[in-house]
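Undergrad: Provided below for reference: sequence and predicted model.
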Amino acid sequence: MLSPSPIKNKLMVDTRSTSRTQTRTKHQTPPPTFITRYHFAATMPSTPTLRSLVNPGVSERTDFPLRLSSTALLVVDIQKELTTIDVSINDYRHTTSFPRMVENTKKLVNTLRASRDGGNGGEVVFTYLEAQTNNSRDASLDYKLSGSLLSNLPNPSCPAQFLDGLAPIQGKDICLPKTSCSVFQSTNLDYILRNLNVEQLVVCGQLTDQCVESAVRDAADLGYFVTVVDDACGAESEEGHQKGLHGMNGFARIVCTEHLLKEISNPSDVGAIVREEKIITKEASTTETTINDNGTGGRSFNISADRGCQAAILRSLRAAGVKFLRYTSVDAYNTIRCKTVPLSHTMTLLPGRKARNSTSSPCSPMANPVCIAEVCFAGLPTHADALISSSNLSARNVLTLRPDFSSLRVLPYASKTAMIMCTAHNQQSLELSPLCARGLLERVLCEAREGLGIEFCVGVELEFMLFRSDARGGLPQPVDMSTFANSVTLNEQEEFISTLNDQLEQQDIPVELVHAESAAGQLELVLTYSSNVVQLADDVVFARETISACAKQYGMKALFLPKTSTTQAGNGLHLHFSFRDVADNSNDNAFTDPSQPSGVSLRGQSFIEGVLNHFPSLLSFTLPTVNSFRRMGPGCWTGHEVGWSVEDKEVPIRVCVDLNSRMATNVEFKLSDATANIYLELAMILTAGVEGIKTEAKLRPMMGESNNEIRHSLPTTLLESLDSLKQDKLLTSVMGSALSTAYIAVRKAQVDCEKTLEEELLDAFIKA
């Protein structure tokens, strides 16, 4: 039987005899837990059953992500007798379905075992074909009528055999031999699951349209919350697989392995708790506010503020030990602007209570919680709180910060604080401010989706250098003198890297790769490619903050300064782009086309050409400081001329090829660094690329491909790039006059305060 959950007060009574009845109470204080974007730690004194939370006609299957303490993984019929794979046979079963099923099932089994063995809950159940008698006379009538394979099952004299890496562990996993299609009909699985207090059943195995479907439908009828892992199920044909999924669609939620592994790795899900309180809150009322855009794009933003959900969020935060809510925005020059509200004060704004300076009870305790002067978003340089008069901004107006609940994370390095990203809105009209870079990126993405039917995917490579916290000899010293892909930094800083990875995972920021870069003490983090571009931009902001805080914990300082030495490579923030057709349910990469010589589709080529056409202007966003341009030039691994190529790291636009398929998958924009506002630079690059697609721009020849090639140098200073931006009607019109005017004015003012490289390094070190 599962051991009691550490967050429950479990009352256990022996009812076999009144005189022998014993009552035992077990209580254990849970360890500190963190809340991520959607994942709230359920540290309440007791946990209701999931079934008790169902509101008939209102609840949906997706309202109940996995709770590991009540979850079991059911592996159906993956055994050597049935799961033969012959790679020489070129058909769906042998080349696609079964290999994929086996690989993903191994991931699921290993993950559930690790959770179970680590005391976090979860069971692994194997069901397989095996008769109780040597002649299989106990097999079902259906099997006896289904040919020699099913009428002559593995048996006690010739037991079932399992695949390497997918064999049950005796004494830990649960093994249930069966003699019919349905595991629930021919075994005591239901009895066992109820003894284990299992409510949620994750199903994988074979065949999708036979035994898997039978198990899923029976489990749903018996009252289990069922999850089917699409790519961990196998069938003889694609038609059979889809038929099975269609048959289970009304009985289970259907997800992929990657989705489920993320859910398992963050078992306390904010969605579950928010939805639980939403489900049981009878008086949760919804107030919908329509916020009009600033007019540059004609888009409206609809925000639903559910008081029941927000109450659930606040109570969950309080249960996790959070005391402060940090409402955050990033100004046009990449300065994080934020204000903190004590959670205790926000709790007083729940329905029925009044806020200070308010004439009525608020409809939403977390809506418009704080405000910041408008000038702070685009009128102040990075080096001082000094108003730049030519920005045409003043201290007259105030913008309110409207939180995006999907971005809420508890900060592992400041565990009493939860941070939430916001958009900036006019205090009176509630219109999105034209100075809000995050809102601008949302609008650009929306227009691409609605106007062109494409959805962008973006990846990020974030570089930084580690310095000793004590500056010896007056100048900061790197922690080592390592070189590219060297093991020195990885070995010596393993504890830092491990802690950093843990803290990023706690914030649901997935890291794909870590390696040493070219400069001394330099590391690169590759964040996982994402189709949620705004969320990825948020991840970059959270990651930078986490890296800086984590480095301090280990007696170091992390610098993102683009150039720290004239003799070494600098810090970049490389951006990768691709897109897909919204109407294409296959999610195929529309950037790729093997029939083209470059491997890039015609629209992909037009996207690249659009970026190249506006490259000089784009540098004012992607290389936004004087120091940024120190990183650029021949031999700097960045490129310095307008052009593109395939897998050439000395050009500014590089088409990247997949290591396995050898197909072009995305395009990399190399001339970017972490001093840029990530929302603004993404918005501008995508704007230029979208314009190329709209005009069906023809891609120029690859660099070095033409003997008559005329090469154009990129701007070598920030002032040159700003002059190009001033003449760029497309980018300035999308930005709007208020933001473009302020941006150019403030950036030029920063050029006037130019420092030497040594002064820049010392200044960055002091502020880190």
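TA: Great, that's in hand.
Undergrad: now the helices for the stretch 251-400 of the chain?
TA: For the stretch 251-400 of the chain, the helices defined by DSSP state H, counting those that start in this stretch cover 257-265, 270-280, 307-319, 343-347, 375-378.
Undergrad: which secondary element of the chain has the worst mean pLDDT?
TA: strand 10-13 (a mean of 31; mean pLDDT, DSSP states H and E).
Undergrad: returning to what we had before: comparing the helices of the stretch 251-400 of the chain, which yields the minimum mean pLDDT?
TA: If those are sorted by mean pLDDT, helix 270-280 sits at the bottom with a mean of 37.
Undergrad: any chance you could map the helices in the stretch 551-700 of the chain?
TA: Counting by DSSP H, counting those that start in this stretch, the helices of the stretch 551-700 of the chain are 602-613, 615-622, 626-630, 678-694.
Undergrad: Can you show me the helices along the stretch 101-250 of the chain?
TA: Using DSSP H, counting those that start in this stretch, the helices of the stretch 101-250 of the chain run over residues 141-144, 148-151, 183-186, 189-195, 213-221, 238-248.
Undergrad: how about the fifth one: buried residues?
TA: In terms of neighbour count (16 or more other C-beta atoms under 10 Å), helix 213-221 has its buried residues at 213, 214, 215, 216, 217, 218, 219, 220. For every residue, glycine as well, the C-beta is placed using N, CA and C.
Undergrad: repeat for the longest one
TA: Of all the residues in helix 238-248, those buried under the rule 16+ other C-beta under 10 Å are 240, 241, 244, 245, 247, 248.
Undergrad: report the angle between the axes of that helix and helix 213-221?
TA: Here helix 238-248 points in a direction 10 degrees away from that of helix 213-221 (axes from the mean of the first three to the mean of the last three C-alpha atoms, to 10 degrees).
Undergrad: Doesn't residue 527 lie inside a strand?
TA: Yes: applying DSSP: H, G, I helix; E, B strand; the rest coil, one finds residue 527 inside a strand.
Undergrad: quick one: low-confidence parts of the stretch 401-550 of the chain?
TA: 472-473 (pLDDT under 70).
Undergrad: Please, where are all the strands along it?
TA: 409-411, 414-426, 454-468, 511-516, 522-530 (DSSP state E, counting those that start in this stretch).
Undergrad: Check the stretch 1-150 of the chain too.
TA: 10-13, 23-26, 71-76, 123-129.
Undergrad: Dump the strands of the stretch 401-550 of the chain into JSON lines; add mean neighbour count as well.
TA: Compiled in JSON lines, the strands of the stretch 401-550 of the chain are given as follows (neighbours: other C-beta atoms under 10 Å):
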{"stretch": "strand 409-411", "mean neighbour count": "24"}
{"stretch": "strand 414-426", "mean neighbour count": "21"}
{"stretch": "strand 454-468", "mean neighbour count": "23"}
{"stretch": "strand 511-516", "mean neighbour count": "15"}
{"stretch": "strand 522-530", "mean neighbour count": "20"}
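Undergrad: Output those strands in CSV; the columns should cover distance to residue 203.
TA: Listed next are the strands of the stretch 401-550 of the chain as CSV, based on distance: least, C-beta to C-beta, whole Å:
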stretch, distance to residue 203
strand 409-411, 32
strand 414-426, 35
strand 454-468, 30
strand 511-516, 29
strand 522-530, 27
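Undergrad: which stretch among these comes nearest residue 381?
TA: Of all the strands of the stretch 401-550 of the chain, it is strand 414-426 that lies closest to residue 381, at 18.6 Å by C-beta to C-beta.
Undergrad: by how many degrees do the closest one and helix 678-694 diverge?
TA: Using the same axes, to 10 degrees: strand 414-426 against helix 678-694 is 50 degrees.
Undergrad: tell me which strands and helices strand 414-426 is in contact with?
TA: Using 3 or more C-beta pairs under 8 Å, 6 or more residues apart in numbering; DSSP states H and E as the contact definition, the elements that strand 414-426 packs against are strand 324-330, strand 398-403, strand 409-411, helix 437-452, helix 533-553.
Undergrad: Paired strands for the shortest one, with orientation please.
TA: Right, the one you point to is strand 409-411. Sheet pairing of strand 409-411 (DSSP bridges) gives strand 414-426 (antiparallel).
Undergrad: Can you dump the C-alpha atoms of the partner strand in PDB for me?
TA: What follows is strand 414-426, C-alpha atoms only, in PDB (Å, rounded to 0.1, in the frame of the first residue of the first chain):
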ATOM      1  CA  ALA A 414      14.100  34.500  -2.900                       C
ATOM      2  CA  SER A 415      11.500  32.000  -1.900                       C
ATOM      3  CA  LYS A 416       9.200  34.300   0.000                       C
ATOM      4  CA  THR A 417       8.600  36.200  -3.300                       C
ATOM      5  CA  ALA A 418       6.600  35.300  -6.400                       C
ATOM      6  CA  MET A 419       7.200  37.400  -9.500                       C
ATOM      7  CA  ILE A 420       4.700  38.000 -12.300                       C
ATOM      8  CA  MET A 421       5.200  39.600 -15.600                       C
ATOM      9  CA  CYS A 422       2.900  42.500 -16.600                       C
ATOM     10  CA  THR A 423       1.800  44.600 -19.500                       C
ATOM     11  CA  ALA A 424       1.500  48.400 -19.100                       C
ATOM     12  CA  HIS A 425      -1.800  50.200 -19.600                       C
ATOM     13  CA  ASN A 426      -3.200  53.700 -19.500                       C
END
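Undergrad: so it versus strand 398-403, what angle?
TA: Counting by the same axes, to 10 degrees, strand 414-426 lies at 130 degrees to strand 398-403.
Undergrad: give me the beta-bridge partners of the nearest residue to residue 205 once chain neighbours are set aside?
TA: Excluding the flanking residues, the one nearest residue 205 by C-beta to C-beta, 6 or more residues apart in numbering is residue 76, at 3.0 Å. Beta bridges link residue 76 to residue 127, residue 205 when assigned by DSSP bridges.
Undergrad: Can you list the buried residues in stretch 113-125?
TA: Applying 16+ other C-beta under 10 Å to stretch 113-125 flags 113, 115, 116, 121, 122, 123, 124, 125 as buried.
Undergrad: Going by distance to residue 380, which of the residues you listed wins?
TA: Checking the buried residues of stretch 113-125 against residue 380 by C-beta to C-beta gives residue 115 as the nearest, at 48.1 Å.
Undergrad: dump the residue contacts of the closest one.
TA: With contacts defined as C-beta atoms under 8 Å, 6 or more residues apart in numbering, the neighbours of residue 115 are 68, 121, 122, 264, 267.
Undergrad: circling back to that earlier point, JSON lines for the helices and strands packed on strand 414-426, including distance to residue 647?
TA: JSON lines is the format used below for the helices and strands packed on strand 414-426 (distance: least, C-beta to C-beta, whole Å):
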{"stretch": "strand 324-330", "distance to residue 647": "33"}
{"stretch": "strand 398-403", "distance to residue 647": "42"}
{"stretch": "strand 409-411", "distance to residue 647": "36"}
{"stretch": "helix 437-452", "distance to residue 647": "27"}
{"stretch": "helix 533-553", "distance to residue 647": "23"}
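Undergrad: Can you say which of these is nearest to residue 614?
TA: Judged by C-beta to C-beta, the one of the helices and strands packed on strand 414-426 that comes nearest to residue 614 is helix 437-452, at 13.6 Å.
Undergrad: so that closest one versus strand 454-468, what angle?
TA: Using the same axes, to 10 degrees, the inter-axis angle of helix 437-452 relative to strand 454-468 is 150 degrees.
Undergrad: Look up how far residue 412 lies from the residue most central in space within the chain.
TA: Of all residues in the chain, the one closest to the mean position by C-alpha atoms, centre = their mean is residue 509, 5.6 Å from it. Residue 509 is 11 Å from residue 412, where distance means C-beta to C-beta, to the nearest Å.
Undergrad: which neighbours do these two share?
TA: With C-beta under 8 Å, 6+ apart, residue 509 and residue 412 have common neighbours residue 546.
Undergrad: Including distance to residue 109 and pLDDT, could the buried residues of helix 238-248 go into a markdown table?
TA: A markdown table is the format used below for those (distance: C-beta to C-beta, whole Å; pLDDT from 0 to 100):
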| residue | distance to residue 109 | pLDDT |
| --- | --- | --- |
| 240 | 24 | 90 |
| 241 | 21 | 91 |
| 244 | 21 | 92 |
| 245 | 21 | 91 |
| 247 | 25 | 89 |
| 248 | 21 | 92 |
